[in-house]
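[1] 3D, please:
(2 chains)
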Number of protein chains: 2
Amino acid sequence: MSHRIVFTPSGKRGEFEDGVSVLEAARKLGVDLDSVCGGRGICSRCQIEIAQGEFSKHALVSSADHATPWNAVEQRYVDKRGALKPGRRLGCQARLSGDLVVDVPPESQVHRQVVRKRAQTHPIVIDPIVRLYYVEVAEPDMHDPSSDLRRVQNALREQWSIGEARASLSVLAGLQKTLRAGGWKVTVALRKGEEIVAAYPGFVDRAYGVAFDIGSTTIAAHLCDLESGEVLASQGMMNPQIRFGEDLMSRVSYVMMNPGGERELTAAVRAAVDSLIGEAAREAGVERASILEVTVAGNPIMHHLFLGLDPTELGGAPFALTLDGGYEVRAAEVGLQIAPGGYVYALPCIAGHVGADAAGVALAEAPYLRDELTLIADVGTNAEILFGNKDGLLACSSPTGPAFEGAQISCGQRAAPGAIERVRIDRETLEPRFKVIGCDFWSDEPGFADVAVTGVCGSGVIEVIAEMFLSRIISQDGLFDGALAESSPRIEPVGRSFAYVLHEGEPRLLIYQTDVRAIQLAKAALYAGAKLLIDKRGAGPPARVTLVGAFGNHIDTTYAMALGLIPDCDLSAVVNGGNSAGDGARIALLNLAARAEIEEVVRRIEKIETAIEPNFQAEFVAAMALPHASDSFENLARAIKLPQRRTTEGGRRRRRP
Amino acid sequence: MSHRIVFTPSGKRGEFEDGVSVLEAARKLGVDLDSVCGGRGICSRCQIEIAQGEFSKHALVSSADHATPWNAVEQRYVDKRGALKPGRRLGCQARLSGDLVVDVPPESQVHRQVVRKRAQTHPIVIDPIVRLYYVEVAEPDMHDPSSDLRRVQNALREQWSIGEARASLSVLAGLQKTLRAGGWKVTVALRKGEEIVAAYPGFVDRAYGVAFDIGSTTIAAHLCDLESGEVLASQGMMNPQIRFGEDLMSRVSYVMMNPGGERELTAAVRAAVDSLIGEAAREAGVERASILEVTVAGNPIMHHLFLGLDPTELGGAPFALTLDGGYEVRAAEVGLQIAPGGYVYALPCIAGHVGADAAGVALAEAPYLRDELTLIADVGTNAEILFGNKDGLLACSSPTGPAFEGAQISCGQRAAPGAIERVRIDRETLEPRFKVIGCDFWSDEPGFADVAVTGVCGSGVIEVIAEMFLSRIISQDGLFDGALAESSPRIEPVGRSFAYVLHEGEPRLLIYQTDVRAIQLAKAALYAGAKLLIDKRGAGPPARVTLVGAFGNHIDTTYAMALGLIPDCDLSAVVNGGNSAGDGARIALLNLAARAEIEEVVRRIEKIETAIEPNFQAEFVAAMALPHASDSFENLARAIKLPQRRTTEGGRRRRRP
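    Numbers count the residues shown, from 1 in each chain, chains lettered A, B, ... in the order given. You can find the predicted model right below:
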């Protein structure tokens, strides 16, 4: 006697003998129904719901009575682990005794979609790189002298239909004890269905991974549940390579001056990454041995140093990478202590200046899936810029220098408590008010009184210079209006130039002409890089602009436009994109197909080298003025509530370009 | 215009456009014609001969004039490197201008057959695991920011039609400098056509490998040219693990008593193997970086310890291996310094007592290719025994103990200068004469005078006991004929028993009753193991018997039969097989297909565990007598020129069984 079964939402259907379990039927039909324990009623991953009623489309009547009754295994599960949701049964226990329509709820599917926090970006679909399989392994026997590995392979084949899986020596070295500790019942972690990367005694149903964004300044780690996609712990630390040089080029110089120095830099970054794994594991309360996979995004120099490749060639033209494709390597080979056979996947690099961090951004923002032209800029010491849509993507890196990060600014500092991050200047009195990191009050509010002010961080620098411009303290060319020194104590003569007094106190914070120049150079570089890509594509301005990275995420988009950081477009189209490089690493951690996707996208990206583009220098010079385009200035003036243009005082009349 | 071309000896043929080179035509037709330089006239591997005359079978006329004339590239080669053999041309330079019959001489074929020293065993066919490819790589360019690896991959694809090859980090780490040192002309070593394991600046056409037999007592290494198969250097050393215990079981005990002790044993054996690589490389005058592959045979405990797997489970029933299949691992992972991406291949283990050394023996002797039933015994502390033919193979290990190696024998010692290795006893006077290792004279010859005698090695023990039996000093039961003590000073009472005085001097060497017993036990174990397999198979006695290994190779087969080491068979069928385990490792080094072959054979072998075979113990007890079978005794007596049976003296009458 056979019965029909239809699965929803997949619509897959078939006919099976009386007594076949719902899980077996699902497997045979290729229905996405999860299981770790292989039908032993331990893991509860295969929960299903039996639909009630007449399904005319399939000409069948489904009823809970058409499955074998609730059984002792299910009762044992509920007694030990708690009740199932109403209407749910274990798919491995419910067996066909009549026609059935079976619903597979989302949480019982292996390939689950995880909603991301921002609606703009595409959701992460869980597509596990590593899956857990509970197996009961035959004991060794004098009559059958096969090895421990062979018997595990046999169990995987017999109980899960998995072909001969290989195992590294480090996994094999622990296999003996694991099998004996588990009484020949173990959970095997299988990577890509072909390699055993860990084995645990008994039944285990949680596996973890860590996604890294290795920046020149900071390293960020996100420990995720590989099955739910949930971020269980996030940790960050300063990149310890800073002791070899603040910026990337000084680290490359260190390597050039100290033969073998790359090994020190490599050891430093690997140790930092490994210690973050330890801290994230502690925070999440998981064992290192439960961490099965690590993904890494980072700029080309960090990418190469982490992998142990000499970055010297990246220090000068033609900026030749040693490796550009996505790359996987055993974690132990790069000094990381995770599961014995665990792997590290490094995202691909786009070009010598546009690294695996930019690939992570591309993967997270996915402009290659969109119709509208999208400009994405990851602003740091260099700005990595992507532009395009599903018809093609261009990429370049533009040398913004460190001004946007507060470096090379006289009163600049990194974003940290005490740093001014927001600035407003009264258009009439030219008096500033500001906010500092670590305090919720503005400087003119009573609660602010005792707050220590230590400097100005990147976003604060942007705002103060934009406000100086909007208050006409500086001209479109970035020059101080010296006449104001007579009417305002905030404008102070300094040598043959002037400075704006942002903060009286200890320390006294002044914005000098050189600071304005540094920001002008940085913003011109960003602007010119973006313009270059837009012109190359020749399909018009971006319909979306996303500023990503630590700085891009923090910057007020209105001020970014006010300063002319990016070519003219509708202010509403400009958004902060968050930590996209890290998000990209997380997607690559959770979704195997995403790796092939980004590798393919990176291969197809048109790489533009600004240094050899004849137009770049001209665009760069032209972009020095503030703001470059008049239309956007008007828009911005409205957005930031610029006061009426004053025409009575000659020296402060705004020159139109 | 097109022309016909026929290759001999393959018979492959096709039609090609005028001007196509013979090498190109060969590649398109799948003809086995070698090339390392890819048709640049550098390597001369593609030498061919053009046949002259009319080939009616193919209806074509071939002539040297039907190829383009001898050209400047060929002349340059001859000027720089010396003349080609008469009639030879470079296949990459000779181009079709008419119909051709082209002979590919054996040395121009990739898959060459190398004749082995012994006619019985199957010849080694070279089937390279690693091949060298000379490529000209594009220089990096600001307009095309692809990586060094990508450009090498592109060159392999364009110049050799090889798909995307991967590379380990250690190879990548050196790739930059290699490319620049070679001026973008490099030779790439490609493993299995899919992984770059080394890259060298410029043109290189020699690659090497080392085959190991890791024994409990000694480790032997053979450095081979991977292309010619030639052994360029052989090195051996004592296994340094001896300091942890003389025999295998005492080393396992060490591990059991000292948690983590397996790591010391692993480090010791890996260091020894690595130092032998260094010594063999020095002897052959090659760089370690030119050694691309290592193969390893060894008993299960050595196999596991070398790979870093705890051997504890192999110390007791059920003797569970951790790993039994053939296994490859990067050389660096097991502490060997060869080419940066080079691999080690460990041969498969047959069972917990029958290791990768026995697999090596099986591969070298290849009984599975033969019609006649073959018995192969590798005699050491245990005897690994194989029996069968192309219809099936059985294997077991029998606990002979160390007596055959001279251990547990009162005057026993390892085979070394000063050890008695050959013994003859006068049937009438019972006076011995003997030879010692390191001296060509017998002890009763004048040249022997000053030679120091230190002990008796394994083969010497066999011979003295066999001679004692043939001289009727001991009976078939192995008991001394005490009556002889009265007539011969060579028979000396010792307590309640007797001893035979083999050597008067310093030290005095005596063969005691306990020594006879030890050899009886050892030979009974070997006999019973062989008998078990023969009986299991039930197809009759062996038509061939091969004794392999250091001891098996040294033993006089006549004395082996005299002592009854192996079941009855024609004395002429018994041969010494040489160092078959090492030969097997060498075959696996030179022939990729041989690895799959032996893995498959090992899977199919019927494994017999003597410990649980009910008949084994009875056979063992029955086999204690000397010699077991009367017929063979008669044969042997003739072979060894046994004097006429003496019937006049009662106590010396030989009892018939």
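[2] can you list the domains in chain A?
    What automatic domain parsing lists as the domains of chain A is A:2-108, A:124-201, A:208-346, A:367-401+A:519-638, A:403-513.
[3] centre of the chain to the first one, how far?
    Relative to the chain's own centre, domain A:2-108 is displaced by 37 Å; criterion: CA atoms, centre = their mean, to the nearest Å.
[4] ok, the fourth one next?
    Relative to the chain's own centre, domain A:367-401+A:519-638 is displaced by 17 Å; criterion: CA atoms, centre = their mean.
[5] does chain B sit close to it?
    Yes. For domain A:367-401+A:519-638, a contact with chain B is found by CB under 8 Å from any CB of the partner chain, at A:607, A:609, A:611-612. In this view, the C-beta of every residue, glycine as well, is placed from N, C-alpha and C.
[6] can the domains of chain A go into CSV with extra columns for mean pLDDT and mean neighbour count?
    Putting the domains of chain A into CSV (pLDDT from 0 to 100; neighbours: other CB atoms under 10 Å in any protein chain shown) gives the following:
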stretch, mean pLDDT, mean neighbour count
domain A:2-108, 92, 18
domain A:124-201, 95, 20
domain A:208-346, 93, 21
domain A:367-401+A:519-638, 89, 21
domain A:403-513, 91, 19
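[7] need those domains in JSON lines (columns: distance to residue B:405).
    Shown next, in JSON lines, are these (distance: least, CB to CB, whole Å):
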{"stretch": "domain A:2-108", "distance to residue B:405": "50"}
{"stretch": "domain A:124-201", "distance to residue B:405": "25"}
{"stretch": "domain A:208-346", "distance to residue B:405": "38"}
{"stretch": "domain A:367-401+A:519-638", "distance to residue B:405": "54"}
{"stretch": "domain A:403-513", "distance to residue B:405": "72"}
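[8] what are the phi and psi angles of residue A:602?
    phi -60, psi -40 (degrees, to the nearest 10).
[9] settle this for me: it is touching residue A:355, isn't it.
    No. Look at residue A:602 against residue A:355 with CB atoms under 8 Å: they stay out of range, at 10.4 Å.
[10] still on that earlier bit, and the domains of chain A: which comes nearest residue B:192?
    domain A:124-201 (14.7 Å; CB to CB).
[11] wait, which of the domains of chain A is closest to residue B:139?
    Here domain A:208-346 is closest among the domains of chain A (CB to CB), at 8.1 Å.
[12] follow-up on the earlier one: which of the residues of domain A:367-401+A:519-638 next to chain B fall in helices?
    With DSSP state H as the criterion, helices contain none of these.
[13] among these, which are in strands?
    residue A:607 (DSSP state E).
[14] what do residue A:602 and residue A:355 both touch?
    Here residue A:602 and residue A:355 share the contacting residues residue A:349, scored by CB atoms under 8 Å, 6 or more residues apart in numbering or on different chains.
[15] helix, strand, or coil at residue A:86?
    Put simply, residue A:86 is coil when judged by DSSP: H, G, I helix; E, B strand; the rest coil.
[16] from the chain's centroid, how far away is the helix or strand harbouring residue A:270?
    Using DSSP states H and E, residue A:270 maps to helix A:261-284. Relative to its parent chain, helix A:261-284 has a centroid offset of 18 Å by CA atoms, centre = their mean.
[17] near chain B at all, that helix?
    No. Applying CB under 8 Å from any CB, one finds helix A:261-284 separated from chain B by no less than 9.1 Å.
[18] now do the contacts for the closest residue to residue A:174 other than its chain neighbours.
    Distance criterion CB to CB, 6 or more residues apart in numbering or on different chains; nearest residue to residue A:174, sequence neighbours excluded, is residue A:340 at 5.8 Å. If a contact means CB under 8 Å, 6+ apart, then residue A:340 has A:168, A:170-171, A:173-174, A:197-198, A:289, A:332 as its contacts.
[19] 7 Å instead, please
    For residue A:340, the contacting residues are A:170-171, A:174, A:198, by CB atoms under 7 Å, 6 or more residues apart in numbering or on different chains.
[20] Three-state assignment for the residue of the stretch 401-550 of chain A found nearest chain B, please.
    At 13.3 Å from chain B, residue A:536 is the closest residue in the stretch 401-550 of chain A, using CB to the nearest CB. Under three-state DSSP, residue A:536 falls in the helix class.
[21] name the residues of chain A found near chain B, please.
    A:140-142, A:145-150, A:169, A:172-173, A:175-176, A:307-310, A:313, A:317-325, A:329, A:333, A:351-352, A:607, A:609, A:611-612 (CB under 7 Å from any CB of the partner chain).
[22] give me that answer again for 6 Å
    Within reach of chain B by CB under 6 Å from any CB of the partner chain, chain A has these residues: A:140-142, A:145, A:147-150, A:169, A:172-173, A:176, A:307-309, A:313, A:318, A:320-324, A:329, A:351-352, A:607, A:609, A:612.
[23] filter those down to just the ones in strands.
    Counting by DSSP E, the residues of chain A next to chain B contribute A:329, A:607 to strands.
[24] please flag which of the residues of chain A next to chain B sit within helices.
    Per DSSP H, these map to helices at A:148-150, A:169, A:172-173, A:176, A:307.
[25] contact partners of the helix or strand that contains residue A:78?
    Assessed by DSSP H and E, residue A:78 sits inside helix A:72-81. By CB atoms under 6 Å, 6 or more residues apart in numbering or on different chains, the surrounding residues in contact with helix A:72-81 are A:41, A:44, A:90, A:93.
[26] one more time with 8 Å
    By CB under 8 Å, 6+ apart, helix A:72-81 touches A:40-42, A:44, A:84, A:89-90, A:93.
[27] packing partners of the helix or strand following that helix?
    Downstream of helix A:72-81, the first helix or strand assigned by DSSP H and E is strand A:88-90. On a contact count with 3 or more CB pairs under 8 Å, 6 or more residues apart in numbering or on different chains; DSSP states H and E, strand A:88-90 meets strand A:47-50, helix A:72-81.
[28] Provide the strand pairings for the following helix or strand past strand A:88-90, with the direction of each partner.
    With elements assigned by DSSP H and E, the helix or strand that comes after strand A:88-90 is strand A:100-103. Strand A:100-103 sits in its sheet next to strand A:2-8 (parallel), strand A:47-50 (antiparallel), going by DSSP bridges.
[29] got the CA coordinates for strand A:100-103 in CSV?
    C-alpha atoms of strand A:100-103 as CSV (Å, rounded to 0.1, in the frame of the first residue of the first chain):
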residue,chain,number,x,y,z
LEU,A,100,-0.5,13.9,3.7
VAL,A,101,0.2,17.5,3.0
VAL,A,102,3.2,18.4,5.1
ASP,A,103,4.4,22.0,5.8
